[in-house]
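[1] Structure of the sequence below:
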Amino acid sequence: MKILSLRLSNLASISGEQYIDFESEPLANAGLIAITGKTGAGKSTLLDAMCLALFDQIPRLQGATGQLTDANGQNISLKDAKHILRRGCVMGFAEVEFLALDQKRYKARWELSRARKKVDGKFKLDRSVICLEDGRAMTQKLSDCTPCVQQLIGLSFEQFTRAILLAQSEVGAFLKAKDQDRADLLEYLTNSSIFSLVSQCAFEKTKVFKQELEKFQDYIGHIELLSPEESSHLKNKQAELEHRIKEQQQHIKQLDHATQWYAYHNQLNTQKNIYIQEQATLELQQISINNKKQYLLDLEQFASVRHHIEGIQTAQEKQKQLQQQLKQQSETFQQAEHHFQQQQQHYAAIEKKYIQQEQMLTQLQPVLEQGFVLDATREQLLNHYQNKYIEQQQLEQQKQREQQQLIQQQQKMSELTQQFDIIQHAQQHLKDFILLAEEPRANLEKIKQLQHLWQILEDANCTDFTTFEQQTQTLVQQVEQLTSQYGSLDALTQKNQSQQQAQYQTQKNLQQLEYTLKNLDTKIQLEEKQQETITTLQQHQHQLKQQEQAIQQHEIDFKHAEQALLKTQHLLAEQQLLHADHIQQLRSQLKPDQACMVCGSIQHPFITHAQLLEDALSVLHTQQEQPYIAAKEKAFQQWQHSQIQHAKTHSEITHLAAQNTQLQSSIETLKQDIQQDLIKLNLTHLTLTTAQLKQKCQQHYDELALEQKNLEQSQAHLQQQQELFKTRQQQLVQQQHLAVTMSQFKQLQADLFKLLEISQQHVWLEKPHQAMQQACHAIESLSQSKQQLQQLKAQIEQQQQQVQLKQQQYQSLQQQLTYVSHDTEQIKNQGLEIAEKLKQLIGQHSDETFKTTAQWHQYLQNQLKQSKQQLKDEQQQLVESQKNYQEQKNAVDSTHQHIKMWQEQEKNHLDALAIWQQQHPHFHAEHIKRCLAHSIEDTPKLRQDIQQFEQQQITLNTHIKQISVQIQQHLKEQPEYLEANISVQTKQHLSTLASLQEHNNSIRSRLIANTQAQEQQQQYLTQINDLQQQVNRWGKISELIGSKEGTKFQRIAQEHHLDILVEYANQQLAPLSQRYELKRIDHSLGLAIIDHDMNSEVRPVLSLSGGETFLVSLALALAIANMASGAMKLESLFIDEGFGTLDPTSLHIVMDALDRLQSQGRKVILISHVQEMHERIPVQIQVRAIGSGASQIHIVG
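    Numbers count the residues shown, from 1 in each chain. This is a model prediction of the structure:
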């Protein structure tokens, strides 16, 4: 991945559009580039713009909290990138061109604008990613841009800020951090937080399974079971009761059988009486049935003549319809006959007209041939006329063009003559420079060289030669005075460095004392926190005792609720006697429409609505049992909740005790660190309290700060003298260079004065800059005018020749046009004579007017075709009219025949009806009308009613005989019980049975409850076994890597990552410094340094000097970048580091290291305020402040 260019506009301090091209000189071949500028000028804004274009994020705003109100009244979060838009601007953008993993060039753009281009308009964000190779847009919407960039460069935002943008402050924190802090930083840098989550997950899993195991172990302790002796006794008692129940059920069954016998006997007698009543009803209907039989016989006789009567009625209706139809057809036939006669007459007239036109065309054939000859001759003359006319037009146009060209050439020759005179006149004003113009190139080169020397002298403000010599003498005296006061410049520099060493030592003591004050503040805070923890611990211990009492009370409530539920279930079991076996058996014997053996009713609701009764009974039992179940569950939940609260409070007490221990350990550690720091500072006040010790340290800190201030003032004075000494020496060297330049200027000026007039020499001495420009202009003007005069003279001679040639061509065209005009007029007259002859010829034989014979002949042909087509159409209409006439005639004849046919059918039906009436004289007119009204379809129903009545008579007689036989047979099985005593005996046996079943159900409920308790106990044991296996499994995992905060597995994983990071860092450190090598301290996340110059001595990283620390930090930074980037090649590296804290020696080491870093193939861009670095790095991107908080970018190299 490589950054190719950066373009931004109106972002923070950067005003207007600015462009940085890393592929153009001087940035293209520079391996080390410095971004320089004043504080707040906008150096870091360049890096912000790069991140905005790629990821829509700003690194230094990450983690910011709070909101600010924008000019449009909208609240915007502090970490929102919209804050970067420059105040008062309506649009800003950032654009980055980069080389992606596929070696193609892409452009990412981030643009922020305001609505309606007003400063208080709402923000509108736009982003895009474009492939510059083919111009293809890679994204369609804003949310696609960041994933697209990540895919193209292979880096996320976090990886980009570690691999491309490096901040030394983060790496310095990594070196000085404690083990846990270093683990957290390494986890962030390597993006490996998964190991902490795995450690926490293992700890939480173990904790959850242990809690579940304890809960089920507590459940199983509350299950109560019967002893084997109690269980055996209850089973024997249950068997004895079931035997007695069966005896009672047998007696009840016999009584039920007797009840059923008496009920069936009563049912048979009742049914016999019903049949006898139905038989009497049928005898009353016998007279009506006999009348129906006679009517059915008459209908059967009338059926033979029914069709004749219906045929007569049909024939009469058909004749009436055909008479009406015949009347309409006769009228239509008369109209068709009249139309056919008219068509015949019209066809004859058109046929006669066609024959006349055909004869006329034959007679005019000779006249047409004569006209065709005249047409051909006229057509030839017309073509010849058109050709001549076109030739005449072309000649006239060519004549006009030649005339215009002749006028233009004459005007051009006049203009050239005027230009020639003007140039000659202008040369007279420059006659003083004619000698210089004889050798223009050589003299121009001398004047330009003279101008360059004068510009150097003018820039140095040394145009006054006398003043220049006085200034040079003054500089020599000042340098001699500084040399006598301080010796050489190197001696003054050495004295300044010694002063800096003393200032550095004081600063170091101040930092150490400041660190000690922070530790004292931390110790005071920890002591206060420890006191709060002890108070909270005491409160929780008191709360734990109250929760233990609540657990006991909730356990008692749960046992009471459980006993109440068991008692309710026992009562409900006793109520289930209604579903005893013998009652179910009696209900199964019930049949529809048969009397019940118990109550004698023929309606059996327990059979027809059995399912509804079962559902209602089940719902009733559930409703009675549900409140006790809910009370038990509520008591159990309260008991369980109190146990959970007790466990939670106990856990918090354990945590607070551990926290108190940890705080005490931290306080002791801080105390030891403070004592060691005080020994280093030669401050021993062990008998003082923490607050008093803090006060003493603060006083010492103020004293050191005052000393540091005095040292800084002294240092500033020495630095000022050093800068003055260095400046004066540099100025003296510049004056010597200017003296050489001044000598060269005088020599060139003397050479040019030899070619100038006296008046021009005075001008040169008074105004040399103006005179040199005037001379250059005069030489160039004279040289150009000389060439122009030669060119104009040649052009004038050429133009004269062209004017003469044009005049000859114009005269030749005038003669040709005269000849062509005469020929055109002759052809036109001949054509008019032929047209007049043709008009007279056509007028003798036609009243119409035609231009040509062909038009006349076409007119005659069209008339003949129209007549022929008209004749054909009339012939077709005649055929259609004839066809219609014949159809109407046939329709009238057909109707006459149909009328005759129906008349014959009516006569036949009347004859047959008269014969039948003679054979059946009792069928008078009314009787026939009644029979005719009765439809044939109703006859089978009448016959079926008669047959059904006769069948009912037979069936009733049969049923009466059968039921009499059944009564005689049923009396043979009469029981020994009397019907009056059955009800009393049944109640006695049912009472005894209910008592026995109640006792039996009670025993059965106890046995079922014992079986359920055994199954529940076995289920709990199985779950406890499974949970114990999970506890053992997760316990081993948690013992290896688990911890509540996730630090155990994190530490193991980050030790491995630190080894990899150290290996990468040593590879980067080797070319920077052969003396040192990084090493991880065993069984920790600490870092140490191997000093090869000290016989491979291992010592802490804090013992390194400033420059050495930066080398190690830079190696670590590059190693982190390598880990973040993986296997890809990163060709750009931006380092935003404050180098101002380094002393000159360390800075020299760092610059040498950065120079060697370029050999690794990376373009390194640094941001720094240090002047020495600016002098060492020739290629710079300068961010210059132009006032009003605005800056612009300039490339220097």
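
[2] quick one: Gln721 from Gln380, how far?
    Separation of Gln721 from Gln380 (Cβ to Cβ, to the nearest Å) stands at 119 Å. For glycine as for every other residue, the C-beta is placed from the backbone atoms N, C-alpha and C.

[3] can you pull the contacts of the closest residue to Glu358 other than its chain neighbours?
    Residue nearest to Glu358 in three dimensions, not counting chain neighbours: Leu864, with 6.4 Å by Cβ to Cβ, 6 or more residues apart in numbering. With contact set as Cβ atoms under 8 Å, 6 or more residues apart in numbering, Leu864 has these partners: Tyr354, Gln357, Glu358, Leu361.

[4] Now restrict those residues to buried residues only.
    Tyr354 (16 or more other Cβ atoms under 10 Å).

[5] pLDDT value on the residue nearest to Glu358, please?
    pLDDT, Leu864: 76.

[6] how near is it to Gln418?
    In this view, Leu864 and Gln418 are 82 Å apart by Cβ to Cβ.

[7] Where do the helices of the stretch 551-700 of the chain begin and end?
    Using DSSP state H, counting those that start in this stretch, the helices assigned to the stretch 551-700 of the chain run over residues 581-589, 605-608, 610-680, 690-753.

[8] any chance of the ones you listed in TSV, plus distance to Glu396 and mean neighbour count?
    Shown next, in TSV, are the helices of the stretch 551-700 of the chain (distance: least, Cβ to Cβ, whole Å; neighbours: other Cβ atoms under 10 Å):
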stretch	distance to Glu396	mean neighbour count
helix 581-589	132	14
helix 605-608	125	12
helix 610-680	116	14
helix 690-753	66	14
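
[9] Tabulate those (JSON lines), appending mean pLDDT and distance to His896.
    Below are these laid out as JSON lines (pLDDT from 0 to 100; distance: least, Cβ to Cβ, whole Å):
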{"stretch": "helix 581-589", "mean pLDDT": "57", "distance to His896": "87"}
{"stretch": "helix 605-608", "mean pLDDT": "58", "distance to His896": "78"}
{"stretch": "helix 610-680", "mean pLDDT": "76", "distance to His896": "82"}
{"stretch": "helix 690-753", "mean pLDDT": "77", "distance to His896": "145"}
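
[10] Out of these, the one nearest Leu4 is which?
    With Cβ to Cβ as the criterion, Leu4 lies closest to helix 690-753 of the helices of the stretch 551-700 of the chain, at 38.6 Å.

[11] Distance from the chain centre to stretch 948-955, please.
    Stretch 948-955 has its C-alpha centroid displaced from the chain centroid by 88 Å (Cα atoms, centre = their mean, to the nearest Å).

[12] Next, the buried residues of it.
    Neighbour counts over stretch 948-955 (16+ other Cβ under 10 Å) mark Gln953 as buried.

[13] Grab the nearest non-local neighbour of Thr986.
    Take Thr986 and drop its neighbours on the chain: the residue closest to it by Cβ to Cβ, 6+ apart is Leu255, 4.8 Å away.

[14] If you tally nearby residues, what's the number for the one you found?
    Residues near Leu255, counting by other Cβ atoms under 10 Å, number 23.

[15] cool, Lys38 as well?
    Lys38: 13 neighbours (other Cβ under 10 Å).

[16] For it, give me the backbone phi and psi.
    Main-chain torsions, Lys38, degrees, to the nearest 10: phi -70, psi 170.

[17] how close does it sit to Asp1091?
    Lys38 sits 40 Å away from Asp1091, going by Cβ to Cβ.

[18] number of nearby residues for Pro921?
    What Pro921 shows, counting by other Cβ under 10 Å, is a neighbour count of 7.

[19] Check Gln968 too.
    Neighbour tally, Gln968, other Cβ under 10 Å: 9.

[20] list the buried ones in the helix or strand harbouring it?
    Taking DSSP states H and E as the criterion, Gln968 maps to helix 938-971. Buried residues in helix 938-971, counted by 16+ other Cβ under 10 Å: Gln953, Leu956, His959, Ile963.

[21] I'd like those residues laid out as CSV, including distance to Leu1133.
    Output for these, formatted as CSV (distance: Cβ to Cβ, whole Å):
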residue, distance to Leu1133
Gln953, 123
Leu956, 120
His959, 118
Ile963, 119
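
[22] what's the helix or strand for the residue nearest to Thr986?
    Assigned by DSSP H and E, Leu255 belongs to helix 228-284.

[23] do Arg1184 as well
    Using DSSP H and E, Arg1184 falls within strand 1180-1187.

[24] Same check on Gln334?
    For Gln334, the host element (DSSP H and E) is helix 306-363.

[25] who does that helix touch, helix- and strand-wise?
    Contacting helix 306-363 under the criterion 3 or more Cβ pairs under 8 Å, 6 or more residues apart in numbering; DSSP states H and E are the following elements: helix 853-919, helix 925-933.

[26] so how far is stretch 385-399 from its chain's centroid?
    Put simply, stretch 385-399 sits 75 Å off its chain's centre (Cα atoms, centre = their mean).

[27] Just the C-alpha atoms of that stretch, please, in CSV.
    This file holds the C-alpha atoms of stretch 385-399, laid out as CSV (Å, rounded to 0.1, in the frame of the first residue of the first chain):
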residue,chain,number,x,y,z
TYR,A,385,-31.8,23.9,-71.9
GLN,A,386,-31.3,22.7,-68.3
ASN,A,387,-27.7,21.8,-68.9
LYS,A,388,-27.0,25.1,-70.5
TYR,A,389,-28.7,27.0,-67.7
ILE,A,390,-26.7,25.1,-65.0
GLU,A,391,-23.5,25.9,-66.9
GLN,A,392,-24.5,29.6,-67.1
GLN,A,393,-25.2,29.7,-63.3
GLN,A,394,-21.8,28.1,-62.5
LEU,A,395,-20.0,30.6,-64.7
GLU,A,396,-21.7,33.5,-63.0
GLN,A,397,-20.9,32.2,-59.5
GLN,A,398,-17.3,31.6,-60.5
LYS,A,399,-17.1,35.1,-61.9
